[in-house]
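Chemist: This is a predicted model, with the sequence first.
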Amino acid sequence: MAEKLKDILFPRDKVQLFANLIKKHYGEFSADQFVDDVCDTGWKERELKEKMRHTTVMLKKHLPDDYATSIEILLKIVPGVQGFEAIVLPDFVEVYGLEHWDISMPALGEFTKCGSSEFGIRPFLIKDLPAAMDYMYKWAESDDFKVRRFASEGCRPRLPWAMAVPALKKDPTSILPILEKLKDDPEEFVRKSVANNLNDISKSHPKVVLEICERWQGTSKNTDWIIKHACRTLLKQGNKKAMLLFGFANPDKMKVSSFKLSHDQATIGETIEFAFDLHVDTKKAQKVRLEYITHFVKANGKTSPKVFQIKEVVLEPGKHKVTKKHSFANMSTRKHYPGVHTLEVVVNGEPKAKKEIELLG
């Protein structure tokens, strides 16, 4: 059986190395006792975030009571911290530093160099958005690409597994100057964060994102990559303006025929194949985005759609045969349930044909 992430990323020996590093910079630190306190009887059963928070609490127990003094110690270990244990540093700020802005905010900027502070910044954004964003603007101009990436990632409106910031979901205006600064960053790590931030924004404010993408398009190869990645949700939704932005042809000129499934019943874990003919009814070659939607049956019997890309391609006028396989195997991110599922072919954002398949347990 494969090891769980929580066991791979936070083993006792790594906690010991982390403790030894602190001991080098704070002689009074009880490294062995800290490790025993962290790796207690409940350690093995804790999930990853629970392990992080438990470690943070034990760190507070063994560091000086004065917050500023503790941060001074933790800042000294930044160059030597390696691995997932580094996330404890911004978590320490998140838990204990909200009333110490002048100390906490610069510390988050340093801690992100060894373990991203994107989660630790969220309570500060909630408490005082303008003040926190002032720091983010400065970080966006840092010489360190990890800090620049933090400036974008930390203020994502829909950052996965993070505390929500409702004000940024409602109005992303304060984020946009940061993304403008980073839109042609030399580091892909930073550019990917910019694209993900824009994709987050597109889910509530598609017009804002499309206007930015139209303005950025053609600026450089970097910005062209960003805007395509940023519009992935809009493209999956079949947003017509997004389709036109990237040169996809009018779907009215595309037809689907002879849509067939290899079989109309399958068992969980099985793979099926489907095929169809795509007719391009134009005089010139056209850019085509082919996708299919699987409407999965959920545990409650209702269905939930998931879009899968087949390919993006330039096609000449005429008929084109398309084949694809789809697996109904259970995954960590998706569990299948018996029932009637629907497969739907989508061409340039427009549904063209669908078939039902019964999934058996």
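Modeler: That came in fine, so what should we check first? Numbering: from 1, shown residues only.
Chemist: Could I get the pLDDT score of the nearest residue to Asp128 once chain neighbours are set aside?
Modeler: Sequence neighbours aside, Trp101 is the residue nearest to Asp128 in space, at 7.9 Å (criterion: CB to CB, 6 or more residues apart in numbering). Yep, even glycine has a C-beta here, placed from its N, CA and C like the rest. Here the pLDDT value assigned to Trp101 is 96.
Chemist: Check the one 4 residues further on too.
Modeler: Per-residue pLDDT puts Met105 at 98.
Chemist: what does the host helix or strand of it contact?
Modeler: Secondary structure from DSSP states H and E places Met105 in helix 101-111. In this structure, residues lying in contact with helix 101-111 by CB atoms under 8 Å, 6 or more residues apart in numbering are 67-68, 71, 74-75, 78, 86, 89-90, 93, 97-98, 117, 120-121, 124, 128, 131-132, 135, 139, 142, 147, 150.
Chemist: could you flag which of the residues you listed are buried?
Modeler: For these, burial is judged from neighbour counts taken by 16 or more other CB atoms under 10 Å, and it is met by 67, 71, 74-75, 78, 86, 89-90, 93, 97, 117, 120-121, 124, 132, 135, 139, 142, 147, 150.
Chemist: Show me these that map onto helices.
Modeler: Using DSSP state H, the subset of these located in helices is 67, 71, 74-75, 89-90, 93, 124, 132, 135, 139, 147, 150.
Chemist: roughly how far apart are Phe92 and Trp139?
Modeler: As judged by CB to CB, to the nearest Å, Phe92 and Trp139 stand 19 Å apart.
Chemist: How many residues are close by the residue nearest to Val88 when sequence neighbours are not counted?
Modeler: Once flanking residues are discounted, Val88 sits nearest to Thr55: 5.0 Å by CB to CB, 6+ apart. By other CB atoms under 10 Å, 25 other residues sit near Thr55.
Chemist: Going by distance to Asn250, which of the ones in helices among the buried ones among the contacts of helix 101-111 wins?
Modeler: Phe150 (41.9 Å; CB to CB).
Chemist: what's the spacing between that closest one and Ile293?
Modeler: Counting by CB to CB, the gap from Phe150 to Ile293 is 35 Å.
Chemist: Tell me the first helix or strand C-terminal of the host helix or strand of Thr294.
Modeler: Per DSSP H and E: Thr294 is located in strand 286-297. Counting by DSSP H and E, the next helix or strand C-terminal to strand 286-297 is strand 303-315.
Chemist: what residues does the following helix or strand past that next one touch?
Modeler: Sequence-wise, the next helix or strand downstream of strand 303-315 (DSSP H and E) is strand 318-327. Contact with strand 318-327 is made by 270-280, 290, 292, 294, 308, 310, 343, as judged by CB under 8 Å, 6+ apart.
Chemist: chain center to the helix or strand following strand 318-327, what's the gap?
Modeler: Proceeding N to C from strand 318-327, the next assigned helix or strand is strand 339-347, under DSSP H and E. What separates the centre of strand 339-347 from the centre of its chain is 26 Å, taken as CA atoms, centre = their mean, to the nearest Å.
Chemist: tell me the mean pLDDT for strand 339-347?
Modeler: For strand 339-347, the mean confidence score works out to 96.
Chemist: tell me which strands and helices it is in contact with?
Modeler: Applying 3 or more CB pairs under 8 Å, 6 or more residues apart in numbering; DSSP states H and E, one finds that strand 339-347 makes contact with strand 254-261, strand 271-280, strand 286-297, strand 303-315, strand 350-360.
Chemist: Report the angle between that strand and strand 303-315.
Modeler: Angle, strand 339-347 to strand 303-315, by axes from the mean of the first three to the mean of the last three CA atoms, to 10 degrees: 30 degrees.
Chemist: which other residues reach strand 339-347?
Modeler: Strand 339-347 has contacts (CB under 8 Å, 6+ apart) with 238, 251, 254, 256, 259, 261, 274, 276, 278, 288-297, 301, 303, 307, 326, 351-359.
Chemist: Return the list of strands paired to that strand, each annotated with direction.
Modeler: If you go by DSSP bridges, strand 339-347 pairs up with strand 286-297 (antiparallel), strand 350-360 (antiparallel).
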